[in-house]
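Asks: When you get a sec, could you give me coordinates for this:
(2 chains)
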Amino acid sequence: MLQKISVLIVDDELIVRESLFHWFKREGYAADTAQSGEAALGKLEQQSFDVLFVDMKMPGMGGLELVRQTRELYPDSAVVIITAYGSIDTAVEAMKQGAADYLLKPFKPDQLSLVMEKILHQMRMDDECRFLKGELDKRTRFDNIIGESQVMQQLYSMITDVAETDAPVLVLGETGTGKELVAKAIHAKGLRKNSPFVPINCGSLPDTLMESELFGFTRGAFTGAHTGRKGYFEVVAGGTLFLDEIGEVSQRMQVDLLRVLEDKKITKIGETTPRDVDFRLISATRQDLHQMVRAGTFRQDLFFRINVITLEVPPLRDRSSDVPLLVDHFLARYSSETNRLVDRVTPAAMEALICHDWPGNVRELENAVERAVVLSKSRTLTLADFGFLFQGRASTSTHDGSMNTLKQVEKEHVRAILERTGWNISRAAKILGVGRTTLHRIIQRNKLEKP
Amino acid sequence: MNDVRAHPLGILPLGTVDQQIIGSVAEAFAGQLGIDVKFFSPGEPPGYAFDRHRIQYDAALIIKNVESMDFKSCRRVVALVDVDLFVPVFTFVFGEARKGGGAAVASVFRLGDQPERIVKITLHEFGHLCMLDHCHQQGCVMNFSSDLGTLDKLPPCFCRYCLGQVKFMALR
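Replies: Okay, the predicted model is just below:
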């Protein structure tokens, strides 16, 4: 069954509300009424309406203000202005604010039908556009990784190249950047896609447990080993083994791992005969393994063995243009999971999210969106809903606490914003709150150059 | 049929309405729905609903007034008038009814000398009293008609879906 088109009639006159309400009901629309702009916004916070019929002259919030707020907060709702002779100027203003159409009171019944036909036509076009955009969005996704920025496109290209080989891969990246997703994508696109993908977090397993988990054990191998068990090296059987946080592996385990990688053989705990194993290794770490090798905490030979191909997952602050895509994705997911209708983020909030540093990367963004959705009282997430992110932040430009001059701070801050916006002068100027000409002047004055 | 007789549709002319028109309405209801229509003596023209600014009669006020009258066994009453009707947002209406309500009004004012037109309006408004919405099936009197051209294209009968609903509601 097709979903009914929902209409909200906003008018302070009861008789007008009733006339339109009954007409829409009889036409088979889902109709509701509100007697003021404030009441209309209250209803819009709780449920979505396809079309709003708004009287221009109302006590309190006028029709024009309601049009403005609706267009900003709920741009999917079409607004039709109802106005009387003599207030044409405001109707024109409302059209400029984004009203879909206007009706002059009183109007012929067929005018209302025509307006609705026009709006329904537009809605069908919008739906079609949304569907096509969805199809297009699929191209901005790579397996389960979301992002269309240039750095991500490069990463996708490398994943595709790497997946075709069987060489060990080391995935580098800060915490929360999605290293496991990259590993899964390599597996899913690789030759071993029909075999298991087995992820192990080396940081969460104590040494002894890790040994038995990886290598398996026979019955009676140690106290409490009532039954034998296969290790992950065996379970993975032809698939991909993903060792996350490989930098956390102890020196002793590093030796064992190296041996397995070189010989492709394991010996179960409690057994003496080695058995063949076959897997592809993908490791990941957020640590600087070069530094660890130099410091002697990570074996150089193991490092060379796991580091045949290196993939670096960029931190979110280096691909801030992907933030809106990610926000939309998480919004859709948590809105559906929590069964709460939250489907929009105000432009101001989105801008703030784009400019945020995201030290916890995509994971932090995901948690922020989930928290905002759960605690939100309305359909639209505003800057206030993300207030917890910005508490205690004094400045975004300098983190080292060094005593810089104002000029240095200006230069660094402008450089940071320019880099973050990919040297998009208009966007950077908007974020910095200056005009484009001023920004050009600052760039010249500080001798900043596009990389 | 006893139930039908217990709850007939009432037709209440307000002001001067041609007897031929009343006869046509009665025939249509008997033929289409098997309903015996009860006719009430003509009432006063609805002067109380006159709007000086619009020089028209407020349909909602007439409905309100008719609903306040006591028609004993009639659950639904359609008032027939010969004045120009309006509702606040529209320039005019041929008739008006509240969905599921007890009273409706239909006007001959804009219909010319063609009884078939008022029959269609009366059937249409009666449909609304029986909880029907506007219908989008071709050839159903419950289609919305905004002008005489559209009205003339409609047949004076319900589609089978609407007919089922009207019979169910009317014969309950």
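Asks: hmm, what's the outermost residue in the chain?
Replies: No chain in the question, so chain A it is. A:Thr272 (49.9 Å; C-alpha atoms, centre = their mean).
Asks: Let me rephrase: I mean chain B.
Replies: Note on chain B: the largest C-alpha distance from the chain mean falls to B:His53, namely 25.6 Å (C-alpha atoms, centre = their mean).
Asks: Burial check on B:Ala30, number of neighbours?
Replies: Residues contacting B:Ala30 under the criterion other C-beta atoms under 10 Å in any protein chain shown number 12. C-beta coordinates here come from the backbone N, C-alpha and C atoms, glycine included.
Asks: and it, what helix or strand is that in?
Replies: Taking DSSP states H and E as the criterion, the element that holds B:Ala30 is helix B:19-33.
Asks: Buried residues in that helix, which are they?
Replies: B:21-22, B:24-26, B:28-29, B:32-33 (16 or more other C-beta atoms under 10 Å in any protein chain shown).
Asks: Kindly reformat those as TSV containing distance to A:Glu370.
Replies: Conversion of the buried residues of helix B:19-33 to TSV gives the following (distance: C-beta to C-beta, whole Å):
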residue	distance to A:Glu370
B:Ile21	67
B:Ile22	68
B:Ser24	67
B:Val25	63
B:Ala26	67
B:Ala28	62
B:Phe29	61
B:Gln32	59
B:Leu33	58
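Asks: near chain A, which residues of chain B show up?
Replies: B:54, B:60, B:86-93, B:98-99, B:128, B:133-134, B:136, B:144, B:146-147 (C-beta under 8 Å from any C-beta of the partner chain).
Asks: Just read off the phi/psi values of whichever residue of the stretch 351-451 of chain A sits closest to chain B.
Replies: Distances from the stretch 351-451 of chain A to chain B, computed as C-beta to the nearest C-beta, single out A:Arg379 as the nearest residue at 28.3 Å. Per-residue torsions, A:Arg379: phi -80, psi -20 (degrees, to the nearest 10).
Asks: Can you report how many residues lie near it?
Replies: 18.
Asks: Pull up the gap between it and A:Leu41, please.
Replies: With distances taken as C-beta to C-beta, to the nearest Å, A:Arg379 is found 11 Å from A:Leu41.
Asks: Selection in ChimeraX covering whichever of the residues of chain B next to chain A are buried, please.
Replies: Here is the ChimeraX selection string for the buried members of the residues of chain B next to chain A, based on 16+ other C-beta under 10 Å:
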select /B:60,86,87,88,89,90,91,92,93,98,128,133,134,144,146
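Asks: In strands, which of the residues of chain B next to chain A fall?
Replies: Judged by DSSP state E, the subset of the residues of chain B next to chain A located in strands is B:Phe86.
Asks: circling back to that earlier point, the helix holding B:Ala30 - contacts with which helices or strands?
Replies: Helices and strands touching helix B:19-33, by 3 or more C-beta pairs under 8 Å, 6 or more residues apart in numbering or on different chains; DSSP states H and E, are strand B:9-14, strand B:37-39, strand B:76-81, helix B:115-129, helix B:160-170.
Asks: For the fourth one, list the C-alpha coordinates in CSV.
Replies: Only the C-alpha atoms of helix B:115-129 are listed here, as CSV (Å, rounded to 0.1, in the frame of the first residue of the first chain):
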residue,chain,number,x,y,z
PRO,B,115,-31.5,17.9,-12.2
GLU,B,116,-28.9,15.3,-12.9
ARG,B,117,-26.2,17.6,-11.5
ILE,B,118,-27.9,18.0,-8.1
VAL,B,119,-28.4,14.3,-8.0
LYS,B,120,-24.7,13.8,-8.4
ILE,B,121,-23.9,16.4,-5.7
THR,B,122,-26.3,14.9,-3.3
LEU,B,123,-25.0,11.3,-3.8
HIS,B,124,-21.5,12.7,-3.4
GLU,B,125,-22.2,14.5,-0.1
PHE,B,126,-24.1,11.5,1.1
GLY,B,127,-21.0,9.4,0.4
HIS,B,128,-19.0,11.6,2.7
LEU,B,129,-21.6,11.2,5.4
